[in-house]
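Participant: can you look at this prediction? I've put the sequence above it.
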Amino acid sequence: EPYTGTRPSDEELEVLVAVAEHVALALQSFQEEAAAAHHRLALRELLQVSSRLAATPSVEAIIQATCDGISHALGFRKVAVQLPDPATGVFTTRATTGWTLDELNQNAPLSIWELAPLLDPPFEVEGCFLLTHEQAMSRLPAGHRMYRSVMNGRGPWAWDRHWLAVPLIDREGNVIALIWAEDPADRLLPSRQLMQALRVFANQATAALDAAGRLEEVRFLAEHDPLTRLFNRRAFNERLDQEVSRSVRYGHPMALVLCD
């Protein structure tokens, strides 16, 4: 509804197009600055998580710090870390951020062999694996139950019930843990840059878990025979001293059974 009541001239249309182009450049600059600020935040969070992981010998503390760091720095409202059972190979959730118990109960357990089809090269981006809901379900056992995202968007770049998995792989090439990231706050598919940051978080967690495992093994070998995995003489002497002290303290009798 032009004030003049006439159609715009070519010159007026050129001015309008020029204004629109300037607005587009301003919006692009703003988006790039916002993305850069988000990336800087992710790097700061990564450094903080890395410092915590280096000082944390506990496996549970390591994976919980990883969940919290990914959620806060990369904008995923729900993050979970699963570890495989050594005997069955079935992955169980050991740390979460943002999930409720009811939501976790929607997930049917999966073994490493059942999850392997999801970790195919066609779905790999920067060491992470991104699938549509349909692609994931077609590669899992029939009737499999899984949580469905609620932070979905619309359009070709929108997150729409996608599956995002990040495997943690040890020196021998074995999957020692799996990170699941769900419900991005911006409802968009993760960019390659965000995938890179997610992979860096996973690599830090892998290194920390490896160090924690080696520390646990050193502690174990300090009191166990490396071949039989039974207690050694050092452990026997410590236990014997403890039992003798307990017997003297409480005035209870003590017996030592020798088997040959």
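Facilitator: Arrived safely, thanks for sending.
Participant: what helix or strand is Ile179 on?
Facilitator: strand 175-184 (DSSP states H and E).
Participant: which strands and helices sit next to the next helix or strand after that strand?
Facilitator: The helix or strand immediately downstream of strand 175-184 is helix 192-223, counting by DSSP H and E. Under the contact definition 3 or more C-beta pairs under 8 Å, 6 or more residues apart in numbering; DSSP states H and E, helix 192-223 sits against helix 10-54, helix 59-74, strand 128-131, strand 163-169, strand 175-184, helix 233-250. For glycine as for every other residue, the C-beta is placed from the backbone atoms N, C-alpha and C.
Participant: lowest-confidence stretch among those?
Facilitator: Comparing mean pLDDT over the helices and strands packed on helix 192-223, the weakest stretch is helix 10-54, at a mean of 82.
Participant: helix 59-74 and that one, what's the angle between them?
Facilitator: Helix 10-54 runs at 170 degrees relative to helix 59-74, counting by axes from the mean of the first three to the mean of the last three C-alpha atoms, to 10 degrees.
Participant: need the residue closest to the centroid of this structure.
Facilitator: Ile179 (3.2 Å; C-alpha atoms, centre = their mean).
Participant: ok so, going back, paired strands for the strand holding Ile179, with orientation please.
Facilitator: Within its sheet, strand 175-184 is paired with strand 76-84 (antiparallel), strand 163-169 (antiparallel), according to DSSP bridges.
Participant: quick check: which of those is nearest to Pro184?
Facilitator: Pro184 lies closest, by C-beta to C-beta, to one member of these: strand 76-84, at 5.6 Å.
Participant: how far does that closest one sit from the chain's center?
Facilitator: In terms of C-alpha atoms, centre = their mean, to the nearest Å, the centre of strand 76-84 is found 5 Å from the chain centre.
Participant: quick one, that strand and helix 192-223 angle?
Facilitator: Using the same axes, to 10 degrees: strand 76-84 against helix 192-223 is 40 degrees.
Participant: pull out the CA atoms of strand 76-84 and give them to me as CSV.
Facilitator: Extracted in CSV, the C-alpha atoms of strand 76-84 (Å, rounded to 0.1, in the frame of the first residue of the first chain):
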residue,chain,number,x,y,z
PHE,A,76,21.5,-30.9,23.6
ARG,A,77,18.8,-31.1,26.2
LYS,A,78,19.2,-34.9,26.7
VAL,A,79,22.5,-36.7,26.8
ALA,A,80,23.2,-40.3,27.9
VAL,A,81,26.3,-42.5,28.1
GLN,A,82,26.0,-46.2,27.9
LEU,A,83,28.6,-48.9,28.7
PRO,A,84,28.5,-52.5,27.5
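Participant: picking up where we left off before, tabulate the helices and strands packed on helix 192-223 (TSV), appending distance to Pro117.
Facilitator: Listed next are the helices and strands packed on helix 192-223 as TSV, based on distance: least, C-beta to C-beta, whole Å:
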stretch	distance to Pro117
helix 10-54	30
helix 59-74	24
strand 128-131	10
strand 163-169	11
strand 175-184	13
helix 233-250	45
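Participant: between the ones you listed, which one is nearest to Gly89?
Facilitator: strand 175-184 (9.7 Å).
Participant: if we can go back for a sec, am I right that the residue nearest to the centre of the chain is in contact with Lys78?
Facilitator: No: Ile179 lies out of contact with Lys78 (C-beta atoms under 8 Å); the separation is 11.4 Å.
Participant: can you tell me which residues contact Gln196?
Facilitator: Glu126 (C-beta atoms under 8 Å, 6 or more residues apart in numbering).
Participant: likewise Gly127?
Facilitator: 166, 195, 199, 202.
Participant: Glu172 looks like it's in a strand, true?
Facilitator: No: counting by DSSP: H, G, I helix; E, B strand; the rest coil, Glu172 is not found in a strand; it is coil.
Participant: can you get me a residue count around it?
Facilitator: 6 (other C-beta atoms under 10 Å).
Participant: again, but for Gly173
Facilitator: 6.
Participant: was I right to think Trp113 contacts Gly89?
Facilitator: Yes: the pair Trp113 / Gly89 is scored as a contact, 6.7 Å apart, by C-beta under 8 Å.
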